[in-house]
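A.B. asks: one predicted model, sequence on top.
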Amino acid sequence: MKIRTLSSFSLIAFAASALVFCGPASAEISDKDFSAAIDKYLASDSGAEKVSSTVERYFQKKQVESARKQQEDKAKAFEEQFKNPVKIDPGTSPVKGPKDAKVTILEFSDFQCPFCKRGYQTMEEVLKAYPKDVKVVFKHYPLPFHQQAVPAAKASWAAQQQGKFWEFHNELFENQNQLGDAFYTATATKLGLDLKKFEADRNSDAADKAVQADYELGQQNGIEGTPGFFVGGVQVEGAQPVENFKKIVDRLLNKASAK
């Protein structure tokens, strides 16, 4: 069969032609006869079924190939991060864990995000598993569609100014359904904060700037959603199981001990 303008046929027509014409390579057919034969074949139940099956198998194969390539690219990028970890200055952000910890985890989080609550719980597990080797640095990443994300972040910043960030942080995550001005004030009272200073700090330009600076830092380093982490410079997206974090931490600790 000779097809002069193969590019003008659709994938379905091409699949049909492969099923219809299986004669000698030297056989020739006019475009008109070819089109008529294709139309007749597609009009039959058996022809339509075979073409549909062929096209379906084609796209399934392409999907599998695409998924495999994506996984390979992701794995390659992940390995590359161990060679060239992302370096982010913790700045004056709150830190939990020993100052001389071998592995630093930067956590970009939103107090109103339910997945971030899971991330907070996972970080607690990681810190318990590595009490001498891991520290967590908290960075604000309030998502714009969470109404209380920015106010909660600013309230926690105000608590930080009185040395009570982590206590306030825990209260926010444990009571996500109560976030609001009344809760922030009540929590500050519960933690024994100077209320006048707390209210002034959480409504200050300094609080705005601190939260915005963290958010922009996250954007600059590829954070697109919450929670987002950098474990020793290796990016981890989402509220993943604690085992995933432990694998990275163990690998980094083994690398450090091998030096």
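C.D. replies: On my side now, so go ahead.

A.B. asks: ok now stretch 56-66, how far from the chain's centre?
C.D. replies: 25 Å (C-alpha atoms, centre = their mean, to the nearest Å).

A.B. asks: ditto for stretch 195-205
C.D. replies: 33 Å.

A.B. asks: can you point me to the longest helix in this protein?
C.D. replies: helix 45-83 (DSSP state H).

A.B. asks: point me to the helix or strand that includes Phe229.
C.D. replies: Take DSSP states H and E as the rule and Phe229 turns out to sit in strand 228-231.

A.B. asks: moving C-terminal of that strand, what's the next helix or strand?
C.D. replies: strand 234-237.

A.B. asks: could you list the buried residues of that next one?
C.D. replies: If you call a residue buried by 16 or more other C-beta atoms under 10 Å, then strand 234-237 has these buried ones: Val234, Gln235, Val236. To be clear about C-beta, it is placed using only N, CA and C from the backbone, and glycine gets the same treatment.

A.B. asks: same deal with stretch 202-219?
C.D. replies: Judged by neighbour count (16+ other C-beta under 10 Å), stretch 202-219 contains these buried residues: Arg202, Ala207, Ala210, Val211, Asp214, Tyr215, Leu217, Gly218.

A.B. asks: how far is the longest helix of the chain from where the chain is centred?
C.D. replies: 22 Å.

A.B. asks: repeat that for stretch 169-185.
C.D. replies: With C-alpha atoms, centre = their mean, you get 25 Å for stretch 169-185.

A.B. asks: low-confidence ranges in the stretch 151-259 of the chain?
C.D. replies: Residue ranges of the stretch 151-259 of the chain with pLDDT under 70: 256-259.

A.B. asks: ok, which stretches of the chain are helices?
C.D. replies: Taking DSSP H as the test, the helices found in the chain are 11-20, 31-43, 45-83, 114-129, 149-160, 165-174, 181-190, 195-202, 205-220, 242-257.

A.B. asks: which of those sits most buried?
C.D. replies: helix 149-160 (a mean of 25; mean count of other C-beta atoms under 10 Å).

A.B. asks: give me the angle between it and helix 205-220.
C.D. replies: Helix 149-160 runs at 120 degrees relative to helix 205-220, counting by axes from the mean of the first three to the mean of the last three C-alpha atoms, to 10 degrees.

A.B. asks: let me see the residues that make contact with helix 149-160.
C.D. replies: Applying C-beta atoms under 8 Å, 6 or more residues apart in numbering, the contact partners of helix 149-160 are 94, 110-113, 140, 142-143, 165, 167-169, 172, 179-181, 184, 187-188, 191, 193, 197-199, 201-204, 207-208, 210-211.
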